[in-house]
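Participant: Sharing a sequence plus its predicted fold:
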Amino acid sequence: MARSHHLLTRRGFFKGAAATAAAATTVEILAGCSNNSDQATQGNPVVVDEGSGTDVLDSYTYDESEISAAATYTIPLGCVLHPGEGTWVPVTAAGAKASPMITGSAFNTGAGTLSTVIAQPVTSSANMEIYDARCSDEVYAWVEMNILTRDWKLYGQAFSNGAVSGSPSTLWEADSNWDPPAIACSGSKVLWQVQPSTSGNQTSSNSHCYLWRAGDSSAKAVIESQGRFGCDISISDGIATLVPRVKPDEGTYYGITAYSLSDDMATIVDQLVLPQSVRPLCATRIGDEFIFSIEASYSSGGLLASMGTYIGHGDGPFLVVGREPFCVSCGKDHTYIVKVRASYYLIDTDNQTYKVISAADRALDYGEYPARCGTCDTFVSFSTVKDASSGYPSSVCVRTFSI
């Protein structure tokens, strides 16, 4: 990895602090990955018979009992919640004026309050807007993008009780040849994936995942993938799940891989290598099981090459929800919550039952989306809802459920 990192630096991919962001501090990226495409591979592709999975909707009993929200909150129209592990979940919110168009915010799932965290872009150059944000209860990270050139910068800052403290650190910056980073936060750590755009001049370059701890002057290069990662990062109970390309000399294979955050992802906890060319929409870890979704059906590869959401590890057995997937799943112990179009299935594998969590009244067509991923005690969802009299979208409804 050392040579690859040197090439990234020599190309000017990481350029240091921008002159226009005098308040921000820079972070040095340490060369050397904990795991690369060759080192990360632990097993062979999992190809199992198409009829070997247990279809939850055919085999489990449907429980018609109503699932009521523990709490319901209304926040302004235009707010989008993103998965978070703690009391505070990240929000990108519509600005009150034309500029900034978006603010970096956070929602307190216990109190039901929304706080503006980053009111203005740190970068003072024209056309720069806040593009994305993630947080834990200890750190806040956000991306700023030039909406004309698609150049972008990633910042991180200590966070507590709905507000940042200290000065923001410039974690990374790049031009439009590189996609805006997939970000995740856990405790005091920020993780981000940097990968080449599919339409730029760096399409043959490798992708990398980096890790930074709030207050540190340096970050670590922790994971390398030959080509693009299969999907975004997921954080779950001290585990980071990523999907790097593996077996690069044998073909296109994606490895759903669980890394321990306790040693900054040096340890691989588990890995499931998908059939050749099969790429997941999303993946996470709950207990000892992976839960991952495939959004297309492939011509070969057995069970895991068909559209649906799967629960299992190793060579199986696998539980299957044979519906079009939309986003990452969550749950606790042996209970799993899987989104299907406008509602969710709550699956109890101990009792072999499933329930339906319906979307909020007057939610838009695709219902609610989760603001949790992986293991959680409290499920949080949000949806844009219509005004009862006008029929136009009017607010965002946030609901919490005890698992």
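Facilitator: Received the coordinates, thanks.

Participant: Wasn't S299 part of a strand?
Facilitator: No: under DSSP: H, G, I helix; E, B strand; the rest coil, S299 sits outside any strand and is assigned coil.

Participant: residues contacting it?
Facilitator: Listed by C-beta atoms under 8 Å, 6 or more residues apart in numbering, the contact set of S299 reads A305. Using the backbone N, CA and C atoms, a C-beta is placed for each residue, glycine as well.

Participant: Please apply the same query to the one 3 residues further on.
Facilitator: Contact partners of G302, counting by C-beta under 8 Å, 6+ apart, are V47, V48, D49, E50, P275.

Participant: Assign the residue nearest to it when sequence neighbours are not counted to helix, strand or coil.
Facilitator: Of all residues not flanking G302 in the chain, V47 sits nearest, at 4.5 Å (C-beta to C-beta, 6 or more residues apart in numbering). V47 carries the three-state label coil when classified by three-state DSSP.

Participant: those strands in the stretch 51-200 of the chain, which residues are they?
Facilitator: For the stretch 51-200 of the chain, the strands defined by DSSP state E, counting those that start in this stretch occupy 54-55, 61-62, 71-76, 80-81, 88-94, 102-108, 113-118, 128-135, 139-146, 152-160, 163-174, 182-186, 189-194.

Participant: ok, and for the fifth one, which residues are buried?
Facilitator: Right, the one you point to is strand 88-94. W88, V89, P90, V91, T92, A93 (16 or more other C-beta atoms under 10 Å).

Participant: thought the first one was touching V164?
Facilitator: Same thing as W88. No: W88 is beyond contact range of V164, at 11.6 Å (criterion: C-beta atoms under 8 Å).

Participant: Can you check the pLDDT for the closest residue to N146 other than its chain neighbours?
Facilitator: Nearest in space to N146, with sequence neighbours left out and distances taken as C-beta to C-beta, 6+ apart, is N127 at 5.0 Å. Listed pLDDT for N127 reads 92.

Participant: can you check the one 10 residues further on too?
Facilitator: Model confidence at D137, given as pLDDT, is 98.

Participant: Give me the distance between it and S105.
Facilitator: For D137, the distance to S105 (C-beta to C-beta, to the nearest Å) stands at 15 Å.

Participant: now Q157
Facilitator: 14 Å.

Participant: can you map out the helices along this protein?
Facilitator: 2-10, 56-59 (DSSP state H).

Participant: List the contacts of V396.
Facilitator: Contacts for V396 (C-beta under 8 Å, 6+ apart) come out as T74, I75, P76, L77, G78, C79, L81, F382, S383, T384, V385.

Participant: What about M265, how many residues nearby?
Facilitator: Neighbour count of M265, defined by other C-beta atoms under 10 Å: 25.

Participant: Wait, it touches V222, no?
Facilitator: Yes: between M265 and V222 there is a contact under C-beta under 8 Å: 4.5 Å.
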